[in-house]
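Participant: Based on what follows, work out the 3D shape:
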Amino acid sequence: LSGDGLQAAKSGEVSVIYVQTRDRYDNNLELESEKIDFEMADADSGQAIESVGKEISYLGHGRYKIAYYPFIGNRDVFIKVLHNGEAITESEVAVLTADNTSAV
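Facilitator: Next comes the predicted model:
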């Protein structure tokens, strides 16, 4: 996993995560895009949090782009990327969504 969306996010602004899928032999694993998903949860309560929108795009060669728009600021969240409903290894990351007063 890589991308600015793993380190910081602002409410009302797009954040991006890239996912590179590989098999156990380190070959690019080409999955169907509808099998990749994304969830956010409150770091304190563990409750699921909806983002304003999320868009998952297949870029080719086993690489995916996840764009999401957090709508609540000033909280820590966990981000989880899933394949077939199961978390991809090492995909939970704490993110502070800073309040963005300029976004409406």
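Participant: only C-alpha atoms for contact and neighbour calcs from this point on.
Facilitator: Fine.
Participant: most residues in a single strand of the protein, which one?
Facilitator: When the chain is parsed with DSSP state E, its longest strand is strand 75-83.
Participant: Parallel or antiparallel, list what pairs with that one.
Facilitator: Using DSSP bridges, the strands paired with strand 75-83 are strand 36-42 (antiparallel), strand 86-87 (antiparallel), strand 93-98 (antiparallel).
Participant: how far is the shortest one from where the chain is centred?
Facilitator: The gap between the average C-alpha position of strand 86-87 and the chain average comes to 13 Å, counting by CA atoms, centre = their mean, to the nearest Å.
Participant: what's the average pLDDT for it?
Facilitator: Average pLDDT, strand 86-87: 82.
Participant: List of residues touching it?
Facilitator: 80-81 (CA atoms under 8 Å, 6 or more residues apart in numbering).
Participant: cool, the longest one as well?
Facilitator: With CA under 8 Å, 6+ apart as the test, strand 36-42 has contacts from 47-51, 56, 66, 75-85.
Participant: out of the residues you listed, which are buried?
Facilitator: Neighbour counting by 16 or more other CA atoms under 10 Å classes 49, 51, 56, 66, 76-83 among the contacts of strand 36-42 as buried.
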